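Engineer: structural data only, the sequence is not supplied:
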């Protein structure tokens with residue numbers, strides 16, 4: 001296969017030629033993971049918040065400095081807790097009990113927020129922030145418009161030519177998990193043996209097992225996204241690795257997805273890569289590349305990939321992706337320090353805007369061994385995604401599981417909903433087209449849907465508007481869940497400011513100020529599960 005060299009890697013080549021064996025590198029997941037579980041409802045106001053701290057690959061011991069805030073319905077900090085916790089390389093849980101009182105009296109009914117900030121002492125990276133909503137007391141259910149839910153592919157299978165439901169939108173929803181690993185990198189371990197990231201290429205289960213498992217658990221789409229720099233069998237640079245074998249393994253993964261799709265209708269197996277590193281980098285999923293990208297060379301100077309891409313050069317990556325027609329997703333973005341372009345974290349480029357289509361807004365923990373969809377350790381990345389939107393990116397929200405254990409799609413009920421026009425076969429091409437149109441919603445409840453419209457236009461669209469703007473959050477739940485809260489959020493692309501709530505109703509009508517805006521809807525169910533729509537982008541004249 002042709003090897004394209006985009007940028008010379010003289011330092012890596014010199015290192016490879018001068019040494020043998022493997023060159024050590026920081027563990028791929030070596031960063032502080034801080035999660036917050038805040039029970040949305042309780043018998044009364046009292047409840048216990050659970051913080052989880054994990055720093056894979058931490059050498060020795062470290063101290064996490066954490067603060068937890070309870071924010072009342074008017075946006076004021078009502079309670080604050082602070083502490084320190086010594087951790088090693090294993091995950092630890094820290095409970096914080098709240099007695100349900102503020103200033104010595106019972107907390108009034110309403111919607112509160114619980115905010116966590118945590119940082120490892122001596123770590124120069126920005127603190128990890130988490131933010132979840134909770135309900136105190138009895139709250140009235142929010143009214144939402146009448147909405148005919150979109151059919152799923154399993155409902156429409158074998159019904160070609162059937163009359164559409166009157167008033168329904170002409171789309172079918174496919175439920176996806178767009179971030180997972182197998183034994184082609186550091187995933188694929190049996191649940192009883194999975195304690196974290198696996199040694200690359202050493203675990204039991206490969207992509208074929210992942211696709212079969214996800215399909216058996218009711219998913220419509222699974223993306224196996226292997227770490228691009230682990231095809232040499234190491235976290236670092238393995239100088240005695242076989243470059244041809246690494247390239248062949250990536251092609252074998254593509255072939256396994258194609259073979260699975262050929263015999264399993266109404267399911268899409270995707271094989272791609274998670275490009276980049278955490279340390280001074282950031283992870284990008286690329287869904288439709290038939291080339292393995294990389295920056296490492298073996299001791300013979302042979303590139304361990306099909307196409308050379310400089311490590312952590314996101315501007316160059318976006319340009320290549322646009323040239324090739326590839327689409328990508330920002331994985332678990334940090335608030336700062338990642339996806340740097342020209343010295344700017346979360347930096348914007350026109351090529352990146354064209355090719356980056358998704359931002360992970362919520363993940364269940366990557367190393368969960370839960371297979372009953374009840375994992376409580378999960379992370380919220382909405383603030384970082386909002387910074388990317390404010391930088392100018394046109395992104396839809398996704399929610400995935402980043403499975404490293406053999407529980408692909410089964411650790412929690414979260415899914416990414418992808419909308420295809422009715423009657424369109426589910427293929428990689430039609431899936432990519434839907435992502436490019438940003439016809440996507442993210443849901444923590446696989447039985448619920450959220451479709452956002454603006455003056456009747458679908459979420460994901462960009463249009464010029466004159467006069468009033470009518471926004472509508474269309475919610476449906478096949479299990480009868482009610483809505484506890486609705487937020488319609490507004491931002492300005494390129495402003496690099498703050499995304500704010502413009503309405504707490506499912507239907508809002510107003511005339512925006514002249515200029516560019518984006519809007520998206522967020523719905524919180526009565527059980528605390530959240531759904532995010534894709535934005536609409538409106539230029540008001």
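Structural biologist: Yep, it's here. Just so we're clear, the structure is a prediction, and the values are computed from it rather than from any experiment. Numbering: from 1, shown residues only.
Engineer: so which helix or strand of the chain has the lowest pLDDT on average?
Structural biologist: When each helix and strand of the chain is scored by mean pLDDT, DSSP states H and E, helix 10-18 comes last, with a mean of 38.
Engineer: show me which residues of the helix or strand harbouring residue 116 are buried.
Structural biologist: Taking DSSP states H and E as the criterion, residue 116 maps to strand 110-120. Of the residues in strand 110-120, 111, 112, 113, 114, 115, 116, 117, 118, 119, 120 count as buried by neighbour count, 16 or more other Cβ atoms under 10 Å. In short, each C-beta sits where N, CA and C put it, glycine included.
Engineer: output the contacting helices and strands for that strand.
Structural biologist: With contacts taken as 3 or more Cβ pairs under 8 Å, 6 or more residues apart in numbering; DSSP states H and E, strand 110-120 sits against strand 33-37, strand 47-54, strand 62-71, strand 128-136.
Engineer: all helices for this protein, in order.
Structural biologist: Using DSSP state H, the helices of the chain run over residues 10-18, 153-156, 207-216, 243-263, 314-324, 350-355, 382-391, 428-436.
Engineer: residue 103: which of those helices is closest?
Structural biologist: Among these, the nearest to residue 103 by Cβ to Cβ is helix 382-391 (28.3 Å).
Engineer: point out where the chain drops to low pLDDT.
Structural biologist: 1-29, 155-167 (pLDDT under 70).
Engineer: for the residue most central in space within the chain, name its beta-bridge partners.
Structural biologist: Central residue of the chain (Cα atoms, centre = their mean): residue 360, 2.2 Å from the mean position. For residue 360, the beta-bridge partners are residue 398 (DSSP bridges).
Engineer: that one against residue 179, yeah?
Structural biologist: Yes - the criterion here is Cβ atoms under 8 Å, and residue 360 meets it with residue 179 at 6.9 Å.
Engineer: who touches both of those two?
Structural biologist: Residues touching both residue 360 and residue 179 (Cβ atoms under 8 Å, 6 or more residues apart in numbering): 329, 331, 400.
Engineer: which of those lies closest to residue 294?
Structural biologist: Using Cβ to Cβ, residue 331 comes nearest to residue 294 of the shared contacts of residue 360 and residue 179, at 17.4 Å.
Engineer: which residues touch the closest residue to the closest one other than its chain neighbours?
Structural biologist: In this structure, residue 331 finds its nearest non-sequential neighbour in residue 283, 3.9 Å apart by Cβ to Cβ, 6 or more residues apart in numbering. Residue 283 makes contact with 274, 275, 276, 277, 331, 332 under the criterion Cβ under 8 Å, 6+ apart.
Engineer: let me have those residues in CSV, adding distance to residue 287 and neighbour count as columns.
Structural biologist: Output for the contacts of residue 283, formatted as CSV (distance: Cβ to Cβ, whole Å; neighbours: other Cβ atoms under 10 Å):
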residue, distance to residue 287, neighbour count
274, 11, 26
275, 11, 28
276, 15, 27
277, 19, 20
331, 12, 25
332, 16, 22
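Engineer: sort out for me which of these are in strands.
Structural biologist: Secondary structure from DSSP state E places 274, 275 of the contacts of residue 283 in strands.
Engineer: now distance to residue 475 too, for the contacts of residue 283, in TSV please.
Structural biologist: Formatted as TSV, those follow (distance: Cβ to Cβ, whole Å):
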residue	distance to residue 475
274	32
275	35
276	35
277	39
331	27
332	26
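Engineer: rewinding a little: mind checking which of the helices of the chain is nearest residue 31?
Structural biologist: Once the helices of the chain are compared by Cβ to Cβ, helix 382-391 is nearest, at 13.6 Å.
Engineer: any idea of the angle the closest one forms with strand 128-136?
Structural biologist: Per axes from the mean of the first three to the mean of the last three Cα atoms, to 10 degrees, the angle that helix 382-391 makes with strand 128-136 is 110 degrees.
Engineer: who are the contact partners of the residue nearest to residue 112 when sequence neighbours are not counted?
Structural biologist: Leaving out its chain neighbours, the residue that sits closest to residue 112 by Cβ to Cβ, 6+ apart is residue 134, at 5.2 Å. Contact analysis of residue 134 by Cβ under 8 Å, 6+ apart lists 38, 39, 40, 41, 47, 111, 112, 113, 114, 528.
Engineer: quick one: neighbours of residue 195, just the number.
Structural biologist: Counted by other Cβ atoms under 10 Å, the residues lying close to residue 195 total 14.
Engineer: distance check, it against residue 369.
Structural biologist: For residue 195, the distance to residue 369 equals 9 Å [Cβ to Cβ, to the nearest Å].
Engineer: which one of the shared contacts of residue 360 and residue 179 is nearest residue 513?
Structural biologist: Residue 513 lies nearest to residue 329 out of the shared contacts of residue 360 and residue 179, by Cβ to Cβ, at 31.4 Å.
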